[in-house]
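**Q** need the 3D shape of this:
(one chain, ligands or ions: 2)
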Amino acid sequence: MSYYPLTTLPDYYLMDELLTEEHKLIRQSVRDWVESFVMPKIDEAAQNHTDIPNLMKELGKIGALGPYIPEEYGGSGLDQISYGLIMQELERGDSAIRSAASVQSSLVMFPINEFGSEEQKKKFLPHLASGEMIGAFGLTEPNHGSDPSSMETHFEDKGDHYLLNGAKMWITNAPLCDIAVVWGKNEEGKIQGLIVERAFEGFTTPETHHKWSLRASKTGELVFNNVKVPKENLLPNVTGLKGPLSCLNSARYGISWGVIGAAVDCYCTALQYAKERTQFGKPIAGFQLQQKKLAEFLTEITKAQLLCLQLGRLKNDHKATPAQISMAKRNNVKIAIDIARESRQILGGMGIMGEFPMMRHAANLESVITYEGTHDVHLLITGMDITGINAFG
Ligand code: TGC
Ligand code: FAD
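**A** Numbers count the residues shown, from 1 in each chain. Ligands and ions are numbered 1, 2, ... in the order given. The predicted model follows:
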(Lines give C-alpha, C1' and ligand atoms only; values in the text may rest on other atoms or scores of the structure.)
(Ligands and ions follow the chains in the order given, each with its own letter.)
Protein backbone atom coordinates (compact mmCIF):
# COMPACT_ATOMS: atom_id res chain seq x y z
CA MET A 1 0.00 0.00 0.00
CA SER A 2 1.27 3.45 -0.82
CA TYR A 3 1.28 6.29 1.66
CA TYR A 4 -2.12 8.01 1.78
CA PRO A 5 -1.93 11.19 -0.36
CA LEU A 6 -3.16 14.41 1.22
CA THR A 7 -5.78 14.93 -1.46
CA THR A 8 -8.91 14.90 0.65
CA LEU A 9 -10.11 16.02 4.05
CA PRO A 10 -13.03 14.35 5.78
CA ASP A 11 -15.86 16.90 5.76
CA TYR A 12 -18.72 14.88 7.24
CA TYR A 13 -20.75 17.93 8.27
CA LEU A 14 -20.10 19.88 5.05
CA MET A 15 -18.10 22.49 6.87
CA ASP A 16 -16.59 23.64 3.60
CA GLU A 17 -19.91 25.40 2.99
CA LEU A 18 -19.01 27.69 5.88
CA LEU A 19 -15.60 28.59 4.44
CA THR A 20 -14.88 31.29 1.86
CA GLU A 21 -13.24 30.58 -1.50
CA GLU A 22 -10.12 32.30 -0.13
CA HIS A 23 -10.03 29.93 2.86
CA LYS A 24 -10.24 26.91 0.57
CA LEU A 25 -7.53 28.24 -1.75
CA ILE A 26 -5.18 28.93 1.15
CA ARG A 27 -5.81 25.43 2.56
CA GLN A 28 -5.17 23.82 -0.82
CA SER A 29 -1.95 25.71 -1.43
CA VAL A 30 -0.53 24.73 1.98
CA ARG A 31 -1.66 21.14 1.43
CA ASP A 32 0.11 21.02 -1.93
CA TRP A 33 3.28 22.38 -0.34
CA VAL A 34 3.13 19.80 2.48
CA GLU A 35 2.64 17.04 -0.08
CA SER A 36 5.60 18.10 -2.21
CA PHE A 37 8.06 19.59 0.29
CA VAL A 38 7.40 17.88 3.63
CA MET A 39 6.13 14.36 2.92
CA PRO A 40 9.17 13.11 0.96
CA LYS A 41 11.52 14.21 3.77
CA ILE A 42 9.66 13.95 7.05
CA ASP A 43 10.22 10.31 8.00
CA GLU A 44 13.95 10.54 7.43
CA ALA A 45 14.20 13.82 9.36
CA ALA A 46 12.31 12.34 12.30
CA GLN A 47 14.22 9.06 12.25
CA ASN A 48 17.57 10.91 12.13
CA HIS A 49 16.53 13.62 14.60
CA THR A 50 17.39 16.41 12.18
CA ASP A 51 15.43 19.43 11.07
CA ILE A 52 14.35 19.92 7.46
CA PRO A 53 16.82 22.23 5.65
CA ASN A 54 15.44 25.63 4.61
CA LEU A 55 12.14 24.91 6.37
CA MET A 56 11.61 28.42 7.69
CA LYS A 57 12.35 30.13 4.36
CA GLU A 58 9.96 27.72 2.62
CA LEU A 59 7.27 28.43 5.23
CA GLY A 60 7.87 32.13 4.61
CA LYS A 61 7.43 31.68 0.86
CA ILE A 62 3.99 30.08 1.29
CA GLY A 63 2.86 32.81 3.72
CA ALA A 64 2.68 30.50 6.76
CA LEU A 65 4.69 32.83 9.03
CA GLY A 66 2.54 35.51 10.62
CA PRO A 67 -0.46 35.06 8.31
CA TYR A 68 -2.58 37.46 10.40
CA ILE A 69 0.19 40.07 10.85
CA PRO A 70 -0.55 43.26 8.83
CA GLU A 71 0.85 43.34 5.30
CA GLU A 72 2.85 46.52 6.03
CA TYR A 73 5.08 44.41 8.31
CA GLY A 74 5.43 41.49 5.91
CA GLY A 75 2.43 39.42 7.06
CA SER A 76 -0.57 38.51 4.92
CA GLY A 77 -3.33 40.26 6.91
CA LEU A 78 -5.45 37.08 6.87
CA ASP A 79 -8.23 36.19 9.30
CA GLN A 80 -8.05 33.69 12.16
CA ILE A 81 -9.79 30.89 10.27
CA SER A 82 -7.13 31.10 7.56
CA TYR A 83 -4.46 30.87 10.27
CA GLY A 84 -6.18 27.78 11.68
CA LEU A 85 -6.50 26.09 8.30
CA ILE A 86 -2.79 26.70 7.63
CA MET A 87 -1.90 25.11 10.98
CA GLN A 88 -4.17 22.14 10.24
CA GLU A 89 -2.47 21.42 6.92
CA LEU A 90 1.04 21.86 8.34
CA GLU A 91 0.40 19.43 11.20
CA ARG A 92 -1.02 16.92 8.76
CA GLY A 93 2.59 16.78 7.65
CA ASP A 94 4.13 16.77 11.11
CA SER A 95 3.70 18.58 14.45
CA ALA A 96 7.29 19.83 14.09
CA ILE A 97 6.32 21.80 10.97
CA ARG A 98 3.29 23.35 12.70
CA SER A 99 5.43 24.04 15.78
CA ALA A 100 7.96 25.95 13.70
CA ALA A 101 5.21 28.07 12.16
CA SER A 102 3.27 28.60 15.37
CA VAL A 103 6.28 29.67 17.46
CA GLN A 104 7.38 32.11 14.76
CA SER A 105 3.85 33.47 14.19
CA SER A 106 2.14 33.41 17.59
CA LEU A 107 5.01 33.53 20.04
CA VAL A 108 7.52 35.81 18.29
CA MET A 109 5.75 37.92 15.65
CA PHE A 110 2.55 38.30 17.70
CA PRO A 111 4.23 39.89 20.77
CA ILE A 112 6.39 42.17 18.63
CA ASN A 113 3.30 43.28 16.69
CA GLU A 114 1.09 43.66 19.78
CA PHE A 115 3.55 44.97 22.35
CA GLY A 116 6.54 46.22 20.33
CA SER A 117 7.62 49.72 19.30
CA GLU A 118 7.28 50.88 15.69
CA GLU A 119 11.06 50.50 15.30
CA GLN A 120 10.95 46.90 16.59
CA LYS A 121 8.11 46.03 14.21
CA LYS A 122 9.97 47.45 11.22
CA LYS A 123 13.29 45.91 12.22
CA PHE A 124 12.13 42.35 12.94
CA LEU A 125 8.70 41.49 11.51
CA PRO A 126 9.47 41.47 7.75
CA HIS A 127 12.53 39.21 8.28
CA LEU A 128 10.53 36.88 10.52
CA ALA A 129 7.69 36.74 7.96
CA SER A 130 10.09 35.71 5.19
CA GLY A 131 11.80 33.11 7.38
CA GLU A 132 15.22 34.73 6.88
CA MET A 133 15.19 35.29 10.64
CA ILE A 134 14.21 32.52 13.07
CA GLY A 135 12.61 33.39 16.40
CA ALA A 136 12.25 31.53 19.71
CA PHE A 137 10.05 32.18 22.75
CA GLY A 138 11.46 31.84 26.25
CA LEU A 139 8.96 31.46 29.07
CA THR A 140 9.55 28.00 30.64
CA GLU A 141 12.48 27.55 33.02
CA PRO A 142 14.12 24.48 34.56
CA ASN A 143 12.25 25.08 37.86
CA HIS A 144 9.08 26.74 36.53
CA GLY A 145 6.92 25.23 33.78
CA SER A 146 3.20 25.26 34.56
CA ASP A 147 3.77 28.13 37.00
CA PRO A 148 5.61 30.75 34.95
CA SER A 149 4.82 33.58 37.39
CA SER A 150 7.55 32.17 39.68
CA MET A 151 10.23 32.60 36.98
CA GLU A 152 13.76 33.43 38.11
CA THR A 153 15.15 35.01 34.93
CA HIS A 154 15.63 38.70 35.70
CA PHE A 155 17.17 41.90 34.40
CA GLU A 156 18.59 45.04 35.98
CA ASP A 157 18.55 48.57 34.62
CA LYS A 158 22.17 49.61 34.07
CA GLY A 159 21.48 53.06 32.67
CA ASP A 160 22.16 52.60 28.97
CA HIS A 161 21.25 48.86 28.85
CA TYR A 162 19.60 46.03 30.78
CA LEU A 163 21.71 43.22 32.25
CA LEU A 164 19.94 39.87 31.78
CA ASN A 165 20.62 36.68 33.76
CA GLY A 166 18.82 33.33 33.94
CA ALA A 167 17.93 30.32 31.81
CA LYS A 168 14.99 29.02 29.82
CA MET A 169 14.43 25.35 29.06
CA TRP A 170 12.52 23.29 26.47
CA ILE A 171 12.64 26.06 23.90
CA THR A 172 11.53 25.22 20.36
CA ASN A 173 14.11 26.30 17.76
CA ALA A 174 16.51 27.62 20.45
CA PRO A 175 19.60 26.20 18.70
CA LEU A 176 18.57 27.78 15.38
CA CYS A 177 17.23 31.11 16.55
CA ASP A 178 18.46 34.52 15.44
CA ILE A 179 16.37 36.27 18.10
CA ALA A 180 14.42 35.19 21.17
CA VAL A 181 11.48 36.91 22.84
CA VAL A 182 12.41 36.33 26.49
CA TRP A 183 10.20 36.94 29.50
CA GLY A 184 12.01 38.00 32.67
CA LYS A 185 11.42 40.01 35.84
CA ASN A 186 12.52 43.61 36.23
CA GLU A 187 13.90 45.00 39.48
CA GLU A 188 10.35 45.44 40.82
CA GLY A 189 9.64 41.75 40.16
CA LYS A 190 7.29 42.56 37.23
CA ILE A 191 7.40 40.38 34.10
CA GLN A 192 8.46 42.09 30.87
CA GLY A 193 9.57 40.91 27.42
CA LEU A 194 13.01 41.48 25.89
CA ILE A 195 14.20 40.76 22.36
CA VAL A 196 17.54 38.98 22.74
CA GLU A 197 19.66 38.80 19.60
CA ARG A 198 22.01 35.92 18.71
CA ALA A 199 25.08 38.18 18.61
CA PHE A 200 24.69 39.42 22.20
CA GLU A 201 27.64 38.32 24.32
CA GLY A 202 26.77 35.85 27.08
CA PHE A 203 23.76 34.41 25.20
CA THR A 204 24.02 30.67 24.40
CA THR A 205 21.51 28.08 23.15
CA PRO A 206 22.58 24.48 23.93
CA GLU A 207 20.54 21.80 22.17
CA THR A 208 18.45 19.24 24.06
CA HIS A 209 19.30 15.80 22.67
CA HIS A 210 17.70 12.31 22.82
CA LYS A 211 14.01 13.30 22.41
CA TRP A 212 11.56 10.58 21.38
CA SER A 213 9.08 13.26 20.30
CA LEU A 214 9.17 16.12 17.76
CA ARG A 215 12.35 14.65 16.35
CA ALA A 216 12.16 16.83 13.24
CA SER A 217 12.30 19.95 15.43
CA LYS A 218 15.23 21.38 17.38
CA THR A 219 14.66 22.03 21.07
CA GLY A 220 17.13 23.65 23.44
CA GLU A 221 17.90 26.05 26.24
CA LEU A 222 18.34 29.81 26.26
CA VAL A 223 21.09 30.74 28.71
CA PHE A 224 21.76 34.35 29.73
CA ASN A 225 25.02 35.05 31.49
CA ASN A 226 25.30 38.81 32.11
CA VAL A 227 23.79 39.58 28.69
CA LYS A 228 23.73 43.32 27.88
CA VAL A 229 20.39 44.01 26.17
CA PRO A 230 20.00 47.46 24.59
CA LYS A 231 17.09 49.42 26.05
CA GLU A 232 15.40 49.64 22.66
CA ASN A 233 14.95 45.83 22.79
CA LEU A 234 12.45 45.94 25.68
CA LEU A 235 8.85 45.35 24.52
CA PRO A 236 7.42 48.66 25.76
CA ASN A 237 3.70 48.02 25.72
CA VAL A 238 3.03 45.20 28.20
CA THR A 239 3.90 44.37 31.80
CA GLY A 240 2.86 41.27 33.74
CA LEU A 241 2.07 37.63 33.01
CA LYS A 242 -0.71 38.66 30.65
CA GLY A 243 2.04 39.49 28.10
CA PRO A 244 3.28 35.93 27.54
CA LEU A 245 -0.17 34.44 28.22
CA SER A 246 -1.69 36.55 25.42
CA CYS A 247 0.85 35.01 23.03
CA LEU A 248 -0.16 31.57 24.31
CA ASN A 249 -3.82 32.29 23.51
CA SER A 250 -2.86 32.68 19.88
CA ALA A 251 -0.55 29.66 19.79
CA ARG A 252 -3.00 27.39 21.65
CA TYR A 253 -5.72 28.37 19.18
CA GLY A 254 -3.41 27.35 16.30
CA ILE A 255 -2.63 24.04 18.01
CA SER A 256 -6.37 23.30 18.33
CA TRP A 257 -6.59 23.38 14.55
CA GLY A 258 -3.20 21.84 13.93
CA VAL A 259 -3.78 18.60 15.77
CA ILE A 260 -6.90 17.95 13.69
CA GLY A 261 -4.44 17.63 10.79
CA ALA A 262 -2.44 14.95 12.60
CA ALA A 263 -5.66 13.10 13.51
CA VAL A 264 -6.90 13.28 9.91
CA ASP A 265 -3.62 11.91 8.56
CA CYS A 266 -3.93 8.92 10.89
CA TYR A 267 -7.63 8.39 10.18
CA CYS A 268 -7.22 8.54 6.38
CA THR A 269 -4.27 6.17 6.46
CA ALA A 270 -6.10 3.68 8.69
CA LEU A 271 -9.26 3.82 6.57
CA GLN A 272 -7.37 3.11 3.37
CA TYR A 273 -5.33 0.33 4.98
CA ALA A 274 -8.43 -1.30 6.52
CA LYS A 275 -10.14 -1.40 3.12
CA GLU A 276 -7.07 -2.92 1.41
CA ARG A 277 -5.86 -5.39 4.06
CA THR A 278 -7.57 -8.77 3.96
CA GLN A 279 -7.71 -11.26 6.86
CA PHE A 280 -10.07 -14.23 7.30
CA GLY A 281 -11.06 -13.77 3.66
CA LYS A 282 -12.36 -10.20 3.84
CA PRO A 283 -11.08 -6.64 4.26
CA ILE A 284 -10.47 -5.85 7.93
CA ALA A 285 -12.68 -2.76 7.39
CA GLY A 286 -15.56 -5.28 7.24
CA PHE A 287 -15.12 -6.29 10.90
CA GLN A 288 -17.29 -4.48 13.44
CA LEU A 289 -14.40 -3.88 15.83
CA GLN A 290 -12.45 -1.98 13.18
CA GLN A 291 -15.55 -0.07 12.05
CA LYS A 292 -16.14 1.05 15.63
CA LYS A 293 -12.66 2.57 15.72
CA LEU A 294 -13.04 4.27 12.34
CA ALA A 295 -16.53 5.60 13.15
CA GLU A 296 -15.31 7.02 16.45
CA PHE A 297 -12.29 8.65 14.81
CA LEU A 298 -14.48 10.46 12.31
CA THR A 299 -16.97 11.50 15.01
CA GLU A 300 -14.20 13.04 17.13
CA ILE A 301 -12.55 14.72 14.13
CA THR A 302 -15.90 16.24 13.12
CA LYS A 303 -16.56 17.55 16.64
CA ALA A 304 -13.05 19.01 16.80
CA GLN A 305 -13.52 20.72 13.40
CA LEU A 306 -16.78 22.32 14.55
CA LEU A 307 -15.20 23.50 17.81
CA CYS A 308 -12.36 25.15 15.91
CA LEU A 309 -14.50 26.79 13.29
CA GLN A 310 -16.74 28.47 15.86
CA LEU A 311 -13.69 29.40 17.96
CA GLY A 312 -12.15 30.96 14.84
CA ARG A 313 -15.29 33.00 14.28
CA LEU A 314 -15.22 34.18 17.89
CA LYS A 315 -11.55 35.06 17.48
CA ASN A 316 -12.24 37.02 14.31
CA ASP A 317 -14.81 39.03 16.31
CA HIS A 318 -12.37 39.41 19.27
CA LYS A 319 -14.82 37.48 21.47
CA ALA A 320 -12.86 34.27 22.17
CA THR A 321 -11.97 33.92 25.85
CA PRO A 322 -8.75 32.24 27.10
CA ALA A 323 -10.90 29.56 28.75
CA GLN A 324 -12.64 28.76 25.45
CA ILE A 325 -9.23 28.39 23.83
CA SER A 326 -8.09 26.09 26.66
CA MET A 327 -11.12 23.86 26.12
CA ALA A 328 -10.35 23.49 22.42
CA LYS A 329 -6.61 22.89 22.93
CA ARG A 330 -7.27 20.26 25.59
CA ASN A 331 -10.04 18.44 23.75
CA ASN A 332 -8.44 18.44 20.33
CA VAL A 333 -4.98 17.31 21.42
CA LYS A 334 -6.53 14.47 23.42
CA ILE A 335 -8.67 13.22 20.55
CA ALA A 336 -5.69 13.46 18.20
CA ILE A 337 -3.35 11.45 20.43
CA ASP A 338 -6.08 8.84 21.02
CA ILE A 339 -6.69 8.56 17.27
CA ALA A 340 -2.95 8.25 16.57
CA ARG A 341 -2.58 5.44 19.12
CA GLU A 342 -5.74 3.53 18.15
CA SER A 343 -5.25 3.92 14.39
CA ARG A 344 -1.78 2.42 14.69
CA GLN A 345 -3.42 -0.77 15.90
CA ILE A 346 -5.55 -0.98 12.76
CA LEU A 347 -2.33 -1.40 10.80
CA GLY A 348 -1.14 -4.24 13.03
CA GLY A 349 2.64 -4.69 12.78
CA MET A 350 2.84 -2.31 9.82
CA GLY A 351 1.67 0.45 12.14
CA ILE A 352 5.05 0.66 13.81
CA MET A 353 6.86 1.37 10.54
CA GLY A 354 8.14 4.75 9.41
CA GLU A 355 6.40 4.51 6.04
CA PHE A 356 3.15 5.07 7.93
CA PRO A 357 2.67 8.19 10.05
CA MET A 358 1.00 6.94 13.23
CA MET A 359 3.99 6.33 15.50
CA ARG A 360 5.49 9.66 14.47
CA HIS A 361 2.25 11.57 15.10
CA ALA A 362 1.60 9.75 18.39
CA ALA A 363 5.12 10.49 19.64
CA ASN A 364 4.87 14.14 18.56
CA LEU A 365 1.52 14.56 20.28
CA GLU A 366 3.14 13.52 23.58
CA SER A 367 4.86 16.92 23.45
CA VAL A 368 1.81 18.77 22.18
CA ILE A 369 -0.30 17.49 25.08
CA THR A 370 2.34 18.92 27.46
CA TYR A 371 3.47 22.18 25.87
CA GLU A 372 1.46 25.39 25.70
CA GLY A 373 -0.14 24.33 29.00
CA THR A 374 -0.50 20.70 29.99
CA HIS A 375 -3.71 18.71 29.64
CA ASP A 376 -4.21 19.08 33.41
CA VAL A 377 -3.55 22.83 33.43
CA HIS A 378 -6.20 23.39 30.75
CA LEU A 379 -8.71 21.36 32.74
CA LEU A 380 -8.00 23.56 35.77
CA ILE A 381 -8.47 26.70 33.63
CA THR A 382 -11.92 25.36 32.58
CA GLY A 383 -12.68 24.40 36.19
CA MET A 384 -11.82 27.89 37.40
CA ASP A 385 -13.93 29.46 34.65
CA ILE A 386 -16.94 27.34 35.61
CA THR A 387 -16.68 27.61 39.40
CA GLY A 388 -14.82 30.86 39.95
CA ILE A 389 -12.49 28.95 42.28
CA ASN A 390 -8.74 28.70 41.55
CA ALA A 391 -7.59 25.09 42.07
CA PHE A 392 -3.98 25.68 40.96
CA GLY A 393 -2.34 26.64 44.22
P1 TGC B 1 -3.19 34.40 36.96
O2 TGC B 1 -3.07 35.03 38.32
O3 TGC B 1 -4.40 33.61 36.65
O4 TGC B 1 -3.04 35.54 35.86
C5 TGC B 1 -1.98 36.48 35.87
C6 TGC B 1 -2.35 37.61 34.90
O7 TGC B 1 -2.43 37.07 33.57
C8 TGC B 1 -3.79 37.25 33.06
N9 TGC B 1 -4.11 36.04 32.30
C10 TGC B 1 -4.17 36.04 30.97
N11 TGC B 1 -4.03 37.03 30.08
C12 TGC B 1 -4.14 36.70 28.78
N13 TGC B 1 -4.38 35.43 28.38
C14 TGC B 1 -4.52 34.42 29.24
N15 TGC B 1 -4.72 33.16 28.80
C16 TGC B 1 -4.43 34.70 30.61
N17 TGC B 1 -4.50 33.94 31.75
C18 TGC B 1 -4.32 34.78 32.77
C19 TGC B 1 -4.65 37.43 34.29
O20 TGC B 1 -5.83 38.13 33.97
C21 TGC B 1 -3.72 38.22 35.19
O22 TGC B 1 -3.69 39.54 34.69
P23 TGC B 1 -3.48 40.80 35.71
O24 TGC B 1 -3.62 42.00 34.85
O25 TGC B 1 -4.58 40.66 36.75
O26 TGC B 1 -2.13 40.64 36.30
O27 TGC B 1 -1.86 33.56 36.72
P28 TGC B 1 -1.31 32.29 37.47
O29 TGC B 1 0.06 32.63 37.92
O30 TGC B 1 -2.29 31.79 38.50
O31 TGC B 1 -1.17 31.23 36.27
C32 TGC B 1 -2.26 30.87 35.51
C33 TGC B 1 -1.93 29.65 34.58
C34 TGC B 1 -1.51 28.46 35.38
C35 TGC B 1 -3.21 29.34 33.86
C36 TGC B 1 -0.89 30.03 33.55
O37 TGC B 1 0.25 30.49 34.14
C38 TGC B 1 -0.61 28.95 32.55
O39 TGC B 1 -1.24 28.98 31.51
N40 TGC B 1 0.38 28.00 32.76
C41 TGC B 1 0.82 27.10 31.72
C42 TGC B 1 2.15 27.59 31.19
C43 TGC B 1 2.28 27.41 29.71
O44 TGC B 1 1.32 27.24 28.98
N45 TGC B 1 3.50 27.53 29.22
C46 TGC B 1 3.73 27.46 27.83
C47 TGC B 1 5.15 27.84 27.50
S48 TGC B 1 5.39 28.22 25.78
C49 TGC B 1 5.31 26.75 25.00
O50 TGC B 1 5.01 25.73 25.54
C51 TGC B 1 5.61 26.79 23.58
S52 TGC B 1 5.56 25.28 22.78
C53 TGC B 1 5.80 25.88 21.25
C54 TGC B 1 5.64 24.95 20.10
O55 TGC B 1 6.65 24.29 19.74
O56 TGC B 1 4.55 24.95 19.46
P1 FAD C 1 5.47 20.79 35.23
O2 FAD C 1 4.90 22.17 35.34
O3 FAD C 1 6.55 20.42 36.19
O4 FAD C 1 4.27 19.75 35.37
C5 FAD C 1 4.48 18.36 35.64
C6 FAD C 1 3.11 17.70 35.85
O7 FAD C 1 2.46 18.31 36.98
C8 FAD C 1 2.17 17.90 34.66
O9 FAD C 1 1.43 16.73 34.47
C10 FAD C 1 1.26 19.03 35.11
O11 FAD C 1 -0.02 18.96 34.51
C12 FAD C 1 1.16 18.75 36.61
N13 FAD C 1 0.81 19.96 37.37
C14 FAD C 1 1.52 21.13 37.45
N15 FAD C 1 0.86 22.01 38.20
C16 FAD C 1 -0.28 21.41 38.60
C17 FAD C 1 -1.39 21.82 39.40
N18 FAD C 1 -1.48 23.05 39.92
N19 FAD C 1 -2.39 20.93 39.61
C20 FAD C 1 -2.33 19.69 39.07
N21 FAD C 1 -1.31 19.25 38.32
C22 FAD C 1 -0.31 20.09 38.09
N23 FAD C 1 8.29 26.46 26.64
C24 FAD C 1 8.62 27.71 26.19
O25 FAD C 1 8.62 28.67 26.95
N26 FAD C 1 8.94 27.92 24.87
C27 FAD C 1 8.97 26.90 23.96
O28 FAD C 1 9.25 27.13 22.79
C29 FAD C 1 8.66 25.58 24.41
N30 FAD C 1 8.75 24.52 23.55
C31 FAD C 1 8.60 23.24 24.03
C32 FAD C 1 8.88 22.16 23.20
C33 FAD C 1 8.79 20.87 23.68
C34 FAD C 1 9.14 19.72 22.80
C35 FAD C 1 8.38 20.64 25.02
C36 FAD C 1 8.24 19.25 25.56
C37 FAD C 1 8.09 21.70 25.84
C38 FAD C 1 8.23 23.02 25.38
N39 FAD C 1 8.04 24.13 26.23
C40 FAD C 1 8.32 25.40 25.79
C41 FAD C 1 7.79 23.92 27.65
C42 FAD C 1 6.34 23.55 28.00
O43 FAD C 1 5.49 24.63 27.88
C44 FAD C 1 6.36 22.97 29.42
O45 FAD C 1 6.97 21.69 29.34
C46 FAD C 1 4.95 22.86 30.00
O47 FAD C 1 4.41 24.14 30.23
C48 FAD C 1 4.94 22.07 31.32
O49 FAD C 1 5.93 22.49 32.19
P50 FAD C 1 6.91 21.39 32.87
O51 FAD C 1 7.46 20.54 31.78
O52 FAD C 1 7.87 22.13 33.72
O53 FAD C 1 5.96 20.49 33.75
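
**Q** make sure Trp170 is indeed in a strand.
**A** Yes - secondary structure of Trp170 (DSSP: H, G, I helix; E, B strand; the rest coil): part of a strand.

**Q** burial count for the residue nearest to it when sequence neighbours are not counted?
**A** Closest residue to Trp170 apart from its sequence neighbours, by CB to CB, 6 or more residues apart in numbering: Thr140 at 5.1 Å. Just so you know, the C-beta spots here come from the backbone N, C-alpha and C atoms, and that holds for glycine as well. Residue neighbour count, defined by other CB atoms under 10 Å, stands at 19 for Thr140.

**Q** how far away is Thr140 from Ser76?
**A** 29 Å (CB to CB, to the nearest Å).

**Q** apart from its chain neighbours, what residue comes closest to the residue of the stretch 1-150 of the chain found nearest ligand 2?
**A** Here the stretch 1-150 of the chain gets closest to ligand 2 at one residue, Gly145, 1.8 Å apart by CB to the nearest ligand atom. In this structure, Gly145 finds its nearest non-sequential neighbour in Trp170, 7.6 Å apart by CB to CB, 6+ apart.

**Q** confirm for me that Gly93 is in contact with Ser36.
**A** No - contact status for Gly93 versus Ser36: not in contact, 10.6 Å apart, counting by CB atoms under 8 Å.

**Q** this protein against ligand 1: which residues are in contact?
**A** The chain comes close to ligand 1 at residues 99, 102-103, 137, 139-140, 146, 148-149, 172, 240-242, 245-246, 248-249, 322, 371-373, 377, 381, 392, as judged by CB under 6 Å from any ligand atom.

**Q** check contacts around the residue nearest to Gly131 when sequence neighbours are not counted.
**A** Using CB to CB, 6+ apart and skipping residues adjacent in sequence, the residue nearest Gly131 is Gly60, 3.0 Å away. Going by CB atoms under 8 Å, 6 or more residues apart in numbering, Gly60 touches 129-132.

**Q** doesn't Gly60 belong to a strand?
**A** No - counting by three-state DSSP, Gly60 is located in no strand; its state is helix.

**Q** check the gap between it and Ala129 for me.
**A** Counting by CB to CB, the gap from Gly60 to Ala129 is 6 Å.

**Q** what does Met39 give?
**A** Noted for Met39: a distance of 25 Å to Ala129, by CB to CB.

**Q** looking at these two, which one has more neighbours?
**A** Taking other CB under 10 Å, Met39 and Ala129 do not tie; Ala129 has more neighbours (25 against 17).

**Q** and the average pLDDT for the longest helix along the chain is what?
**A** Counting by DSSP state H, the longest helix found in the chain is helix 242-276. Here helix 242-276 scores 97 as its mean pLDDT.

**Q** that one: what's the following helix or strand?
**A** Next helix or strand after helix 242-276 toward the C-terminus (DSSP states H and E): strand 278-279.

**Q** low-confidence regions, the chain specifically.
**A** Scanning the chain for pLDDT under 70 picks out 1-8.

**Q** quick one: the strands in it?
**A** 135-138, 154-157, 161-172, 179-185, 191-197, 203-204, 219-230, 278-279, 282-283 (DSSP state E).

**Q** and the residue lying closest to Ser250 once chain neighbours are set aside, how many neighbours does it have?
**A** In this structure, Ser250 finds its nearest non-sequential neighbour in Ser106, 3.8 Å apart by CB to CB, 6+ apart. Neighbours of Ser106 under the rule other CB under 10 Å: 26.

**Q** again with Tyr83
**A** Count around Tyr83 with other CB under 10 Å applied: 27.

**Q** from Leu55, how far out is it?
**A** Counting by CB to CB - Tyr83 and Leu55 are separated by 18 Å.

**Q** same question for Gly383.
**A** Taking CB to CB, one finds Gly383 at 38 Å from Leu55.

**Q** which ones are touching the residue nearest the centre of the chain?
**A** For the chain, Ser99 is the residue whose C-alpha lies nearest the centre (CA atoms, centre = their mean; 3.7 Å). Residues near Ser99 by CB under 8 Å, 6+ apart: 172, 214, 217.

**Q** now do Tyr371
**A** With CB under 8 Å, 6+ apart, Tyr371 has these contacts: 170, 172.

**Q** repeat for the one 5 residues further on
**A** Under the criterion of CB under 8 Å, 6+ apart, the contact list for Asp376 is empty.

**Q** do that again at 10 Å, thanks
**A** When contacts are counted by CB atoms under 10 Å, 6 or more residues apart in numbering, Asp376 touches 146, 330, 369-370.

**Q** what does the stretch 1-150 of the chain put close to ligand 2?
**A** 103, 137-140, 145-146.

**Q** change it to 5 Å
**A** 137, 139-140, 145-146 (CB under 5 Å from any ligand atom).

**Q** got it, and the stretch 201-350 of the chain?
**A** So far as CB under 5 Å from any ligand atom goes, the stretch 201-350 of the chain lies against ligand 2 at 214, 219.

**Q** can you report phi and psi for the residue of the chain positioned farthest from its centre?
**A** Here the centre of the chain is the reference, and by CA atoms, centre = their mean the most remote residue is Gly281, at 43.1 Å. Dihedral angles of Gly281 (phi, psi; degrees, to the nearest 10) stand at phi 80, psi 10.

**Q** relative to Phe287, how far out is it?
**A** Distance of Gly281 to Phe287, given as CB to CB: 11 Å.

**Q** same question for Leu107.
**A** On the measure of CB to CB, Leu107 and Phe287 end up 45 Å apart.

**Q** same drill for those two, tell me which one is more crowded.
**A** Taking other CB under 10 Å, Leu107 and Phe287 do not tie; Leu107 has more neighbours (25 against 14).

**Q** got a list of what that one touches?
**A** Counting by CB under 10 Å, 6+ apart, Leu107 makes contact with 135-139, 172-173, 180-181, 244, 247-248, 250-251, 254, 372.

**Q** quick one: end-to-end distance for stretch 156-167.
**A** End-to-end span of stretch 156-167 (CA to CA, to the nearest Å): 15 Å.
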